[in-house]
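[1] generate coordinates for the sequence data below:
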Amino acid sequence: MVFSIIVPVYNRPDEVSELLESLSIQTFKDFELVLVEDGSTKPCANEVESFRSDIQIKYIVKENTGRSDTRNVGMKHAGGDYFIFFDSDCIIPPPYLETVNRLLKDHYTDCFGGPDSEHPSFSPLQKAVNYAMTSFWTTGGIRGGKVGMENFKPRTFNMGFSREVYEKVGGFKDMYGEDIDLSIRIQQTGFTTKLYREAFVYHKRRVNLRKFYKQVHIFGQARINLFKLHPNSLKLVHTLPALFVVGSIAIILFAIFLTPYLLLFPAVYLFVLFFDALARTKRFSIAGLAVITSLIQLYGYGLGFIKSFIEKIILRRGLEDIETLKKSYK
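    Sure thing, here's the model as predicted:
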């Protein structure tokens, strides 16, 4: 099996250096890296040159067109028979490719996804963000390797599929939630999809709270777009952050006008978040930050979901882009 690793990058030379270093020490060597620079003003050409002796690299520079088109360009230049996608802010464990190669031999699937975890070098805030994005208590458990609440949909921070999938299904669409959209189309075409729990990556994610809120807010909005494209894709788990937002506001209002004892419910929830994060991270400071990032994850996603629900479902605004995307499918 020859792998083509495809990574879009935009103005992140420092992160790319860490990614390249992790790829240079993979225990499985039969791979190429297709690194596509998406019109960056801070290119990573120097970082690429420093690793050319260790990694087979195709370095492509193009104008800025967004991450979906950038990944599609990468696939057009890929020479392998199985494509693997990472985000540029990932660090890859040394046995990752060896693990994927073994799993594909023993339990082949046309498309796989893997979870993410925290790296020891991560800052306290990055570890808190990782907790929020992978914890069962924030509905992020699927990113940490749990699939019980919905059918698994690989995400592009850690995703792979065969060249045959690409040739029959096509590439990523220019939209938020593009990786979930492609995963759905792959399954609808009849290809198999699996979660490879052992094939995890270290994912840095956003490094400040404002960017993190913006990211999860967009995730919430994207879920409604995905629902309009694929009506069967919306599950109960996707509505939970929105219900959390509405429910928490209702509890505060009822506590003000009826009885303050209702505040015991959110207090218990925050207690559970803190001690679950403490059990995972072993540090009080990170557990405290994890409570904050978890609330940002829930409120950011929930408010994005509610905003898009009102616009797209109730007011039926902005549906032209959805119809255009539908017509672009193979």
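[2] okay, CA-based contacts and neighbour counts for the rest of this
    OK.
[3] where in this protein is pLDDT low?
    141-151, 330 (pLDDT under 70).
[4] can you give me the helices for the stretch 101-250 of the chain?
    For the stretch 101-250 of the chain, applying DSSP state H, counting those that start in this stretch gives helices covering 124-134, 163-169, 178-188, 209-229, 236-257.
[5] could you dump the ones you listed into TSV with distance to residue 103 and mean neighbour count added?
    Converted to TSV, these look like this (distance: least, Cα to Cα, whole Å; neighbours: other Cα atoms under 10 Å):
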stretch	distance to residue 103	mean neighbour count
helix 124-134	23	25
helix 163-169	17	16
helix 178-188	19	20
helix 209-229	30	20
helix 236-257	29	15
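[6] for those helices, give me TSV that also has distance to residue 9.
    Listed next are the helices of the stretch 101-250 of the chain as TSV, based on distance: least, Cα to Cα, whole Å:
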stretch	distance to residue 9
helix 124-134	20
helix 163-169	21
helix 178-188	16
helix 209-229	17
helix 236-257	29
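[7] relative to residue 59, which of those is closest?
    helix 163-169 (20.0 Å; Cα to Cα).
[8] which other helices and strands contact that closest one?
    helix 178-188 (3 or more Cα pairs under 8 Å, 6 or more residues apart in numbering; DSSP states H and E).
[9] quick revisit: for residue 152, find the nearest of the helices of the stretch 101-250 of the chain.
    The nearest among the helices of the stretch 101-250 of the chain, by Cα to Cα, is helix 178-188 at 8.8 Å.
[10] thinking again about what came up before, the helices of the stretch 101-250 of the chain: which one's closest to residue 272?
    helix 124-134 (13.0 Å).
[11] who does that closest one touch, helix- and strand-wise?
    helix 284-308.
[12] buried sites along the helix it packs on?
    286-308 (16 or more other Cα atoms under 10 Å).
[13] which among the helices of the stretch 101-250 of the chain is found nearest to residue 265?
    Closest among the helices of the stretch 101-250 of the chain, using Cα to Cα: helix 236-257, at 8.4 Å.
[14] how distant is the closest one from the center of its chain?
    Chain-centre distance of helix 236-257: 25 Å, with Cα atoms, centre = their mean, to the nearest Å.
[15] tell me the helix or strand right after that helix.
    Next helix or strand after helix 236-257 toward the C-terminus (DSSP states H and E): helix 264-281.
[16] name the helices or strands packed onto that next one?
    Using 3+ Cα pairs under 8 Å, 6+ apart, helix 264-281 sits against helix 284-308.
[17] who's in contact with the helix it packs on?
    Contact partners of helix 284-308, identified using Cα atoms under 8 Å, 6 or more residues apart in numbering, comprise 124-125, 127-129, 131-133, 138, 209, 212-214, 216-225, 239-245, 270, 273-275, 277-278, 281.
[18] what of stretch 202-213?
    Contacts of stretch 202-213 (Cα under 8 Å, 6+ apart): 89-93, 116-119, 122, 125-126, 129-130, 157, 293, 296-297, 300.
[19] the same query, at a cut-off of 6 Å, please.
    Applying Cα atoms under 6 Å, 6 or more residues apart in numbering, the contact partners of stretch 202-213 are 89, 90, 91, 116, 117, 118, 119, 296, 300.
[20] to residue 81, which of the helices of the stretch 101-250 of the chain lies closest?
    Of the helices of the stretch 101-250 of the chain, nearest to residue 81 by Cα to Cα is helix 163-169, at 5.2 Å.
[21] give me the residues contacting that closest one.
    81, 82.
[22] quick check, distance from it to the centre of its chain.
    With Cα atoms, centre = their mean, you get 21 Å for helix 163-169.
[23] what's the answer for stretch 212-228, then?
    On Cα atoms, centre = their mean, the centre of stretch 212-228 falls 12 Å from that of its chain.
[24] cool, and stretch 109-123?
    10 Å.
[25] do stretch 84-93 as well
    Using Cα atoms, centre = their mean, the offset of stretch 84-93 from its chain centre is 11 Å.
[26] next, the distance between the ends of it.
    14 Å (Cα to Cα, to the nearest Å).
[27] going forward, count from 759.
    Sure, I'll start counting at 759 from here, so that last one is stretch 842-851.
[28] contacts for it next, please.
    763-765, 767, 773-774, 777, 780, 914-918, 959-962.
[29] write the ChimeraX selection for whichever of those residues are buried.
    Of the contacts of stretch 842-851, the buried ones go into a single ChimeraX selection, burial set by 16+ other Cα under 10 Å:
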select :763,764,765,767,773,774,777,780,914,915,916,917,918,959,960,961,962
